[in-house]
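1. Turn this into a model:
(one chain, ligands or ions: 1)
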Amino acid sequence: MNSPETVLKNSKRANNSIMTKVLPLAAALLLMLILCSCDDASTLMREDNEYPLVVSTIFPGYDFARSIGDEKAGVIQLLPPGAESHTYEPTPQDMMLVKKCDVFIYAGGESDTWIEEILSEDDAQGRVVVSMTEVSDTLVEEEKEGMHEGGVLSDLFGEDGEEEETDEHTWTSPKNAVRICDAICDALCEVSPENAGYYKDNCGKYTGQLKKLDQRFSDTISKCPRKCIVVADRFPFRYLVNDYGLDYRAAFPGCADNAEVAADSIVTMCDYVKDNNIPVIFTIEFSSGRIADCVAEVTGAKIMTLHSCHNVSSTDEKYIDIMEQNLINLSEALK
Ligand SMILES: [Zn+2]
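-> The predicted structure follows:
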């Protein structure tokens with residue numbers, strides 16, 4: 001392979017004196033970054049590793065797996081921190097990780113078709129796959145009054161509205177999070193039976209915390225006078241609202257990828273917020289917040305974040321902490 005310097009020497013742009021100084025430095029930095037990240041993943045991929053390699057596409061699977069595997073598993077999240085999960089394109093290294101890992105965790109919905117393709121092509125021996133949708137109690141996406149009609153749902157449902165789409169955001173329910181953790185624990189025990197006691201112990205402790213979280217949601221929300229939230233954004237919270245008996249209004253169903261919302265949908269949402277004196281409207285993480293800004297300007301409602309945990313800014317964050325903050329924000333919205 002040519003060194004970055006050789007590549008640059010052969011390049012016409014190398015004649016430019018400023019570029020000659022800047023580009024080798026940038027290329028060297030880039031190469032260093034690539035080598036560092038490869039090294040991290042390839043260390044975890046080594047065949048003689050004592051502990052299993054777990055790969056999760058998105059944050060919830062990653063956070064659950066590291067809580068259960070802890071010191072006796074190597075856990076990698078494919079989606080880089082801060083990246084938008086629905087526009088994510090796997091790199092060749094990501095493909096390699098999916099093929100080489102011992103336990104693979106993914107959401108299992110419409111946005112994961114590339115994964116189903118890799119899994120069907122590949123006959124990896126001994127790899128256990130956990131689809132979060134498959135191990136959860138599932139619900140279908142639904143269209144509510146005022147929702148944007150040009151989104152994914154209308155396309156899928158066609159004219160007669162017969163076909164239904166399973167909502168893939170199962171982890172937004174702490175009850176489902178417990179089911180997902182149990183499935184991840186089973187997978188780890190299967191690939192590394194000698195550490196089964198360790199994984200089961202960790203899983204029991206962690207799901208105990210999730211059950212307490214679930215109880216706090218139930219207790220807090222049942223005491224709130226309001227029972228409806230307004231999400232001026234995509235709506236990956238079908239499972240969360242279903243668990244705690246909440247109604248909702250949202251700009252889009254699920255994670256519909258059509259970001260343009262019709263003016264009459266915004267008008268309907270503004271009317272609902274004004275008619276019901278809704279104090280808080282929500283946006284989700286990594287959102288442009290444009291619809292919420294518009295609704296807030298018209299209605300005077302406060303904008304807060306409801307975090308769907310698809311991804312995080314830093315993997316130091318924790319699912320349980322994010323959900324605790326969601327509960328604080330929900331309490332304010334349901335006053
Ligand atoms: Zn989504």
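2. Just read off the phi/psi values of the residue nearest to Trp114 when sequence neighbours are not counted.
-> Spatial nearest neighbour of Trp114, chain neighbours left out: Pro90 (6.1 Å); criterion: CB to CB, 6 or more residues apart in numbering. The way it works is simple: take the backbone N, C-alpha and C, and place the C-beta from them, glycine included. For Pro90, the backbone dihedrals (degrees, to the nearest 10) come out as phi -70, psi 140.
3. can you list the domains in the chain?
-> 1-45, 50-206, 223-333 (automatic domain parsing).
4. hang on, the earlier thing: show me the contacts for the residue nearest to Trp114.
-> Taking CB atoms under 8 Å, 6 or more residues apart in numbering, we find Pro90 in contact with Leu78, Val98, Trp114.
5. sorry, back to before: for Leu213, find the nearest of the domains of the chain.
-> For Leu213, the closest of the domains of the chain is domain 50-206, at 5.0 Å, according to CB to CB.
6. Check the stretch 151-300 of the chain for the residue nearest the ion and tell me.
-> Cys255 (3.1 Å; CB to the ion).
7. Run through the residues of the stretch 201-335 of the chain sitting next to the ion.
-> Pro236, Cys255 (CB under 5 Å from the ion).
8. Quick one: the helices in the stretch 201-335 of the chain, in order.
-> Counting by DSSP state H, counting those that start in this stretch, one finds helices in the stretch 201-335 of the chain at the ranges 238-243, 263-275, 290-299, 319-333.
9. could I get those as a markdown table with distance to Thr138, mean neighbour count and mean pLDDT?
-> As requested, these are arranged in a markdown table below (distance: least, CB to CB, whole Å; neighbours: other CB atoms under 10 Å; pLDDT from 0 to 100):
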| stretch | distance to Thr138 | mean neighbour count | mean pLDDT |
| --- | --- | --- | --- |
| helix 238-243 | 8 | 21 | 96 |
| helix 263-275 | 26 | 17 | 93 |
| helix 290-299 | 27 | 19 | 95 |
| helix 319-333 | 19 | 17 | 98 |
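10. could I get these as JSON lines with distance to Thr133?
-> Shown next, in JSON lines, are these (distance: least, CB to CB, whole Å):
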{"stretch": "helix 238-243", "distance to Thr133": "11"}
{"stretch": "helix 263-275", "distance to Thr133": "28"}
{"stretch": "helix 290-299", "distance to Thr133": "27"}
{"stretch": "helix 319-333", "distance to Thr133": "17"}
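11. How about the contacts made by the nearest residue to Tyr272 once chain neighbours are set aside?
-> Leaving aside its sequence neighbours, Tyr272 sits nearest to Arg249 (CB to CB, 6+ apart; 5.5 Å). By CB under 8 Å, 6+ apart, the contact set of Arg249 is Lys144, Glu145, Gly146, Cys228, Ile229, Val230, Val231, Met269, Tyr272.
12. Is it possible to get JSON lines of the residues you listed that adds distance to Ile303?
-> Supplementary listing: these in JSON lines, determined by distance: CB to CB, whole Å:
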{"residue": "Lys144", "distance to Ile303": "20"}
{"residue": "Glu145", "distance to Ile303": "21"}
{"residue": "Gly146", "distance to Ile303": "18"}
{"residue": "Cys228", "distance to Ile303": "17"}
{"residue": "Ile229", "distance to Ile303": "13"}
{"residue": "Val230", "distance to Ile303": "10"}
{"residue": "Val231", "distance to Ile303": "11"}
{"residue": "Met269", "distance to Ile303": "13"}
{"residue": "Tyr272", "distance to Ile303": "16"}
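13. Mind giving me the ChimeraX command for buried ones among those?
-> In ChimeraX, a selection of the buried entries from the contacts of Arg249 looks like this (16 or more other CB atoms under 10 Å):
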select :146,229,230,231,269,272
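14. Out of the contacts of Arg249, name the ones that lie in strands.
-> The members of the contacts of Arg249 that map onto strands under DSSP state E are Cys228, Ile229, Val230, Val231.
15. quick one: low-confidence ranges for this protein?
-> For the chain, the stretches with pLDDT under 70 are 1-48, 123, 148-163, 257-259.
16. in it, which spans are strands?
-> Using DSSP E, strands in the chain cover 53-56, 74-77, 103-106, 128-131, 228-231, 247-250, 280-283, 302-305.
17. any idea how far Val280 is from Ile229?
-> The span separating Ile229 from Val280 equals 8 Å under the rule CB to CB, to the nearest Å.
18. what sits in contact with each of these two?
-> Jointly contacting Ile229 and Val280 under the rule CB under 8 Å, 6+ apart are Ala333.
19. So which residues lie in contact with stretch 210-224, not counting its own?
-> Contacts with stretch 210-224, where a contact means CB under 8 Å, 6+ apart, come from 174-175, 177-178, 181, 243-246, 320, 323-324, 327, 330-331, 334-335.
20. again with stretch 188-206
-> Against stretch 188-206 from outside (CB under 8 Å, 6+ apart): 51-52, 54, 64-65, 67-70, 72-73, 102-103, 126-128, 181-182, 184-185.
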